[in-house]
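# Kindly return the folded structure for what I paste below:
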Amino acid sequence: MGLILTEHHVEAAVKGGSVYAAGGGGWADHGRKLGYAAVAVGTPELVSIDELDPDAWVATAAAIGAPASTTPWEMQGVDYVKAVELLQDALGAPVAGLIIGQNGRSSTLNAWLPSAILGTKVVDAVGDIRAHPTGDMGSLGMASSPEPTIQTAVGGNRAENRYIELVVKGATAKVSPVLRTAADMSGGFIASCRNPLRAAYVKTHAALGGISLAIRLGEAIIAAEGKGGRAVVDAIVTTTGGAIIAEGTVAKKAVRYTPEAFDIGTLTLDSGHVLHVMNEYLAVEDGEGERLATFPDVITTLSPAGEPLSVGEISEGMPLLVLRVAKSVIPLSSSVVDPAVYPPVEAATGLEIARYALG
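Numbering: from 1, shown residues only. Down below sits the predicted model:
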């Protein structure tokens, strides 16, 4: 028997997920809406991968887009459920469990509502402990696979007639950009279910325990909240095994939204530190250009009160702390040690990432 997820877990998952969101990872209010809806209509259950039959189908519940953008996105809880139903129809078999592609402000809770309504288990495994810009980075090593897979997307701004339902089949690297285009056309953010895989494969390739990691962190944050901002920051640092690597005020924010549904650019602190953004933080450099942190390290901006701030919430003049959790202290999936995921990100940002990530 797994863990029945309750209201208590919703707030913890949102708060812990917000740290692992690494500057992106959706919207906290969206996460709460998904979580509270799930625990109100059913009993979503968090299980370890070992509780599933090795041959059972497990798919990834994800949200695609650029949540820091100012686009007219609309995504409803039913969109996550419909995405799973479309994938099961295309697969011709039931999905026993759902993992998430990444932790995040809302993405930690992406699988809860389908679990409550359809009975799919929330599997305690993630494609990446932290949030990342491309689907391939959470695809469990499928990015370079020629094997055709199924990806679905559902959602969109209804008032602007942007609602889309989409089922695509093909090699992951070829069909993932189709879903990003759909996200942009729908208003900037869309629900998806993708890459059905056998549980035995997920066990070998996912970052196991990723959801309970986020919930534990959230519980530590909630316990510290009455003691002031410093206590919250200390709780985050201690629980994650991370460190504050920079502190300063935002001197310049230069982030632009692209037609591929990415937010790309930099934040520069008055301390000289530069944070490189592609939806999430990918790297931090000091004033001399020396690299202090690189994906898949967790890189998160915190307010002095210990609140994780997304790129979209940050404006010039704000004081920030920069948290780094080294890749050596978190479970890594095969997605983030797959050389195939880095060239598109390096091309889009002009950053060297693979050498650091794979080294």
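# Now stretch 271-278: buried residues?
Going by neighbour count (16 or more other Cβ atoms under 10 Å), the buried part of stretch 271-278 is 273-278. Where you see a C-beta, it was placed from the backbone N, CA and C, and this is true even at glycine.
# quick one, strands of the stretch 251-359 of the chain?
263-269, 274-278, 280-285, 291-294, 298-302, 308-309, 319-325 (DSSP state E, counting those that start in this stretch).
# Which stretch among these approaches residue 89 most closely?
Evaluated with Cβ to Cβ, the strands of the stretch 251-359 of the chain place strand 280-285 nearest to residue 89, the distance being 32.0 Å.
# CA-only coordinates of the closest one in CSV, if you can.
Provided in CSV are the C-alpha atoms of strand 280-285 (Å, rounded to 0.1, in the frame of the first residue of the first chain):
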residue,chain,number,x,y,z
GLU,A,280,14.6,27.6,-15.7
TYR,A,281,18.1,28.5,-14.5
LEU,A,282,20.7,26.5,-16.4
ALA,A,283,23.9,28.1,-15.1
VAL,A,284,25.4,30.7,-12.7
GLU,A,285,28.6,32.6,-13.3
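# Let me know the closest of the buried residues of stretch 271-278 to residue 319.
Lowest distance from residue 319 to these (Cβ to Cβ) belongs to residue 273, with 12.8 Å.
# ok, that closest one to residue 229 distance?
As for residue 273, its distance to residue 229 is 20 Å (criterion: Cβ to Cβ, to the nearest Å).
# and what of residue 262?
On the measure of Cβ to Cβ, residue 262 and residue 229 end up 31 Å apart.
# And residue 240, by the same measure?
Per Cβ to Cβ, residue 240 is found 17 Å from residue 229.
# Could you do residue 278 as well?
Using Cβ to Cβ, one gets 29 Å for the distance from residue 278 to residue 229.
# what's the neighbour count on residue 170?
Residue 170 has 15 neighbours, counted by other Cβ atoms under 10 Å.
# correct me, but it touches residue 149?
Yes. Contact status for residue 170 versus residue 149: in contact at 7.4 Å, counting by Cβ atoms under 8 Å.
# Residue 13 is in contact with residue 28, correct?
No. Using Cβ under 8 Å, residue 28 is not in contact with residue 13, being 10.4 Å away.
# okay, the two: which has more neighbours?
residue 13 (30 against 21).
# Name the nearest residue to the more buried one, sequence neighbours excluded.
Nearest residue to residue 13, sequence neighbours excluded (Cβ to Cβ, 6 or more residues apart in numbering): residue 108, at 4.6 Å.
# OK, contacts around residue 341?
By Cβ atoms under 8 Å, 6 or more residues apart in numbering, the contact set of residue 341 is 134, 136-137, 139, 143, 335.
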